[in-house]
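J.: 3D model of this:
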Amino acid sequence: MEFVAAAHAVIVRGKGDDVTQARSRNSLLRLFGSPQELLSKAHADLGRLVAALSRGEQRAALWALMDCAIAVFHTGDWIRATHTDHHAASLRFARSSQRIRIVRDICHAAKHGDLTWKPAQVAAHGPTVVKLEYQRGLGEQRQASVWVTTNDQSRHDVVDVLHRAISEWTQFLDQRGV
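T.: A predicted model of the protein is given here:
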């Protein structure tokens, strides 16, 4: 129960403990003490994705994709929880970045098993990804790839999207001295 209270204090920000006190009560929250640390994890997850794709290991690739997408997208949550002065700017930034919106939709698909959106979600966020596909390597080449098709019918290599989204968040943090 203490974990729930500590996590709630970090996410909600207010009404009692500050973020530092909440983290000090729970060692799990200290694992990712900053948005940069979460991006470091995302970068490692991206490495796992690339390695799994190079071996043509679909299950391992999809697990790494899910882990990386969750870390990249939820970096915004960590910024808003730990640096409230950048709350509005991080929301605007995430909404304005096509790559981060693509990553958001991959997170949504990973959590729910598909890319369908409820009408209220479409009205609030608008889907960006309409198709997510894993392509096996041809012939003896085992190198596989993951592609997304967006609502404008453009196709994007997911590894590139994730790499650039990590770079975008890193630049956002660097520009603000976070």
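
J.: so which bits of the one helix or strand Ser167 maps to are buried?
T.: Assigned by DSSP states H and E, Ser167 belongs to helix 158-175. Using 16 or more other C-beta atoms under 10 Å as the test for burial, helix 158-175 gives 158-159, 161-166, 168-170, 172-173. From N, CA and C alone the C-beta is placed, and that goes for glycine too.

J.: mind putting those into a markdown table with distance to Ile106 and pLDDT?
T.: Listed next are the buried residues of helix 158-175 as a markdown table, based on distance: C-beta to C-beta, whole Å; pLDDT from 0 to 100:
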| residue | distance to Ile106 | pLDDT |
| --- | --- | --- |
| Val158 | 7 | 95 |
| Val159 | 12 | 97 |
| Val161 | 8 | 97 |
| Leu162 | 9 | 97 |
| His163 | 14 | 98 |
| Arg164 | 14 | 98 |
| Ala165 | 10 | 97 |
| Ile166 | 13 | 97 |
| Glu168 | 15 | 97 |
| Trp169 | 15 | 97 |
| Thr170 | 19 | 96 |
| Phe172 | 19 | 96 |
| Leu173 | 21 | 94 |
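
J.: and those residues, which is closest to Trp147?
T.: Val158 (6.5 Å; C-beta to C-beta).

J.: mind checking the SS state of the residue nearest to the closest one when sequence neighbours are not counted?
T.: Residue nearest to Val158 in three dimensions, not counting chain neighbours: Val146, with 4.0 Å by C-beta to C-beta, 6 or more residues apart in numbering. Per DSSP: H, G, I helix; E, B strand; the rest coil, the secondary structure class of Val146 is strand.

J.: okay, and the beta partners of Val146?
T.: Tyr134 (DSSP bridges).

J.: list the residues that contact it.
T.: 49, 53, 61, 65, 132-135, 157-159 (C-beta atoms under 8 Å, 6 or more residues apart in numbering).

J.: could you do His87 as well?
T.: Per C-beta under 8 Å, 6+ apart, neighbours of His87: 79-80.

J.: any buried residues in the strand or helix carrying it, and which?
T.: Taking DSSP H and E as the definition, His87 sits inside helix 87-96. By neighbour count on 16+ other C-beta under 10 Å, the buried set for helix 87-96 is 90, 93-94.

J.: nearest to Ser40 among these?
T.: For these, the nearest to Ser40 is Ser90 (18.0 Å; C-beta to C-beta).

J.: correct me if wrong: the closest one contacts Trp78.
T.: No - taking C-beta atoms under 8 Å as the definition, Ser90 is not a contact partner of Trp78, at 9.3 Å.

J.: ok, Arg176 - contacts?
T.: Taking C-beta under 8 Å, 6+ apart as the test, what Arg176 contacts is 83, 86, 89.
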